[in-house]
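Asker: Need a 3D model of the following:
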Amino acid sequence: MANVRGVIRASSGYGLSVVTGGIVSVAVIPVVIIVAGAHTWATIAVAQGVAGFGMVLASAGWGVTGPTETAQLTDDRRGQYYLDSVVSRSWLFVGVAIVCAVITLILVPSQPAIGLLALLSALFPALSAGFFFVGEHSAIRFLLLETLPRQAGSLVGALLLFVTGNALWFVVIQLLGGVAATAMSSASILGRYSGWRVDLSLSRAILRMREHIPAVSMSAVSTLYVNLPIVVVQIFLPQLTAVYALAERIMRLGLYATRPYVQIAQGYVPRPDPGEQLHRAKRITTLTVYLGLAGGILYAAASPWVGSLLSGGTLHIDYAVSCTLAAALAAMLISQVTGFAVLTTYRMTAALAWSTVAGAIVGALGLIPAALTVGLVGVTTVLALSEIMVLVYQLIVLRRRVFRVAQ
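Answerer: Take a look at the predicted model:
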């Protein structure tokens, strides 16, 4: 009974983080598009797309392996572990930020200040303490120290944009919210766990990062083909960047809304008894397939009018784009559970990595030809095929190496 109450408390805390994040994200979109304009919206979206890849590199895999490693550490080692991660990620952050800044200036030269500040704001979560709070099962701290300050920055920034009409206020305050979240989270962690000391050595920071190379590689490959489409659209179809950014943002909100479900699934599947674990793996896989299909159908039907509503009628998502992105969303909704909840339970992280490589190959080879020959629908179709490839690979591995072997 105590375990059930613990799960309910944790899922409630993470659920509130998702709810507040979703509400703020939805509220901000129309303000930016309507007040700042579609061009500025596209600039911010492209900068955030570049930051998406950079953030994976700068976070150095702590977001993937950090929760498990934190949970396994004793209290006397947790403070030093977190501080070491901050130092290592800070070194990476500087280098990655410089490279991403150059790329952003090349892609959006007309609004350099907004582009660079939006980039830094989206890149700063690489220094997040979220993984640590998940590892120590501090859902409320995750909400109060990580989620709310960042969302407050976005909300206040949008309010100032609405009042002044100047998009610089939005990206500056959003960045300050991220800085405040990292500072408050670090103060909380280092204040509760003693026995740490500051070590700014670059060589030792690199040694620590080497342990996370597999996690970084997997996340980087996955993030590459997920964030590459908006860069391709900006280069080859710049007149459609704002539309694509809006359609993708709605899709990401749908994916973001399922985070508590994924976290619950990650705790639901692992069991000491192999038979029970197999039963749970099959059950969660079947349930997730139905939920993923339902989510895809809902997105296909609703995203055109939702996009029109959020943009004040200035941007229009056609059904060809919504249907192809719906297929991508359905595949992502399923694969995030089959991958991070089932494959990882059976210690098949290599299969998880290879599934992302398979998807990346499809995306990398197909995006540019599709953009040049078919247009925006071609880009979204290739994205869908990439995500479907990831899912199919994972399902084949599960069928052959887990479900069939057990039978």
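Asker: For Leu107, see how far away Gly153 is.
Answerer: 24 Å (C-beta to C-beta, to the nearest Å). In short, each C-beta sits where N, CA and C put it, glycine included.
Asker: again, but for Phe340
Answerer: According to C-beta to C-beta, Phe340 and Leu107 sit 31 Å apart.
Asker: How about the contacts made by Tyr82?
Answerer: Tyr82 sits next to Thr70, Ala129, Phe132, Ser186, Ile189, Leu190, Tyr193, Trp196 when contact means C-beta atoms under 8 Å, 6 or more residues apart in numbering.
Asker: picking that back up, what about Gly153 and Leu107, which has more around it?
Answerer: Neighbours per residue, other C-beta atoms under 10 Å: of Gly153 and Leu107, the larger number sits with Gly153, 25 against 19.
Asker: Now do the end-to-end distance for stretch 25-42.
Answerer: With C-alpha to C-alpha, to the nearest Å applied, stretch 25-42 spans 16 Å between its terminal residues.
Asker: swap that for stretch 333-347, please
Answerer: Using C-alpha to C-alpha, the end-to-end distance of stretch 333-347 comes to 21 Å.
Asker: hmm, who's touching it?
Answerer: 254-255, 258, 261-262, 265-266, 268-270, 277, 281, 284-285, 288-289, 291-292, 295-296, 349, 351-352, 355, 387, 390-391, 394-395, 397-398, 401-402.
Asker: redo that, cut-off 6 Å
Answerer: With contact meaning C-beta atoms under 6 Å, 6 or more residues apart in numbering, stretch 333-347 is reached by 258, 262, 265-266, 269-270, 281, 285, 288-289, 292, 295, 351-352, 390-391, 394, 402.
Asker: What number of residues are in the vicinity of Val377?
Answerer: 16.
Asker: tell me the contacts of it?
Answerer: Applying C-beta under 6 Å, 6+ apart, the residues contacting Val377 are Ala320, Val321.
Asker: rerun at 8 Å
Answerer: Contacts of Val377 by C-beta under 8 Å, 6+ apart are Ala320, Val321, Thr324.
Asker: what's the answer for Ile235, then?
Answerer: Applying C-beta under 8 Å, 6+ apart, the residues contacting Ile235 are Leu107.
Asker: For it, give its distance to Ile368.
Answerer: Note on Ile235: its distance to Ile368, by C-beta to C-beta, is 9 Å.
Asker: all helices of the stretch 101-250 of the chain, in order?
Answerer: Using DSSP state H, counting those that start in this stretch, the helices of the stretch 101-250 of the chain run over 112-123, 130-135, 139-141, 148-164, 167-192, 202-210, 213-236, 241-257.
Asker: looking at those, which is buried most?
Answerer: helix 130-135 (a mean of 24; mean count of other C-beta atoms under 10 Å).
Asker: What is it packed up against?
Answerer: helix 62-72, helix 75-107, helix 167-192 (3 or more C-beta pairs under 8 Å, 6 or more residues apart in numbering; DSSP states H and E).
Asker: List the neighbours of that helix that are in contact with it.
Answerer: So helix 130-135 is contacted by 62-63, 66-71, 78, 82, 85, 139, 141-142, 145-146, 185, 189, 263 (C-beta under 8 Å, 6+ apart).
Asker: Swap in 7 Å and give it another go.
Answerer: Outside helix 130-135, the residues within contact range by C-beta atoms under 7 Å, 6 or more residues apart in numbering are 62-63, 66-71, 82, 141-142, 146, 189.
Asker: what about the stretch 201-350 of the chain, any weak spots by pLDDT?
Answerer: 211-212, 214-220, 222 (pLDDT under 70).
Asker: Are any of the contacts of helix 130-135 buried, and if so which?
Answerer: Among the contacts of helix 130-135, those scoring as buried are Trp62, Gly63, Gly66, Pro67, Glu69, Thr70, Tyr82, Arg141, Phe142, Glu146, Ile189 (criterion: 16 or more other C-beta atoms under 10 Å).
Asker: is it true that the first one touches Ser85?
Answerer: Yes: when contacts are counted by C-beta atoms under 7 Å, Trp62 is listed as touching Ser85 (5.0 Å).
Asker: packing partners for the longest helix anywhere in the chain?
Answerer: Longest helix of the chain, by residue count under DSSP state H: helix 274-310. The elements that helix 274-310 packs onto, with contact taken as 3 or more C-beta pairs under 7 Å, 6 or more residues apart in numbering; DSSP states H and E, are helix 241-257, helix 259-268, helix 319-337.
Asker: Next, format the ones you listed as JSON lines and append distance to Val56.
Answerer: Rendered in JSON lines, the data for the helices and strands packed on helix 274-310 read as follows (distance: least, C-beta to C-beta, whole Å):
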{"stretch": "helix 241-257", "distance to Val56": "15"}
{"stretch": "helix 259-268", "distance to Val56": "17"}
{"stretch": "helix 319-337", "distance to Val56": "15"}
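Asker: Any idea which of these gets closest to Leu309?
Answerer: Among these, helix 241-257 comes nearest to Leu309, with 10.4 Å by C-beta to C-beta.
Asker: Return the distance of that closest one from the chain's centre.
Answerer: 12 Å (C-alpha atoms, centre = their mean, to the nearest Å).
Asker: same deal with stretch 46-53?
Answerer: Distance, centroid of stretch 46-53 to centroid of chain: 11 Å (C-alpha atoms, centre = their mean).
Asker: who touches it?
Answerer: Stretch 46-53 is contacted from outside by 100, 103-104, 107-108, 115, 118-119, 122-123, 223-224, 227, 230-231, 234, 241, using C-beta under 7 Å, 6+ apart.
Asker: Distance check, Ala320 against Ala245.
Answerer: 17 Å.
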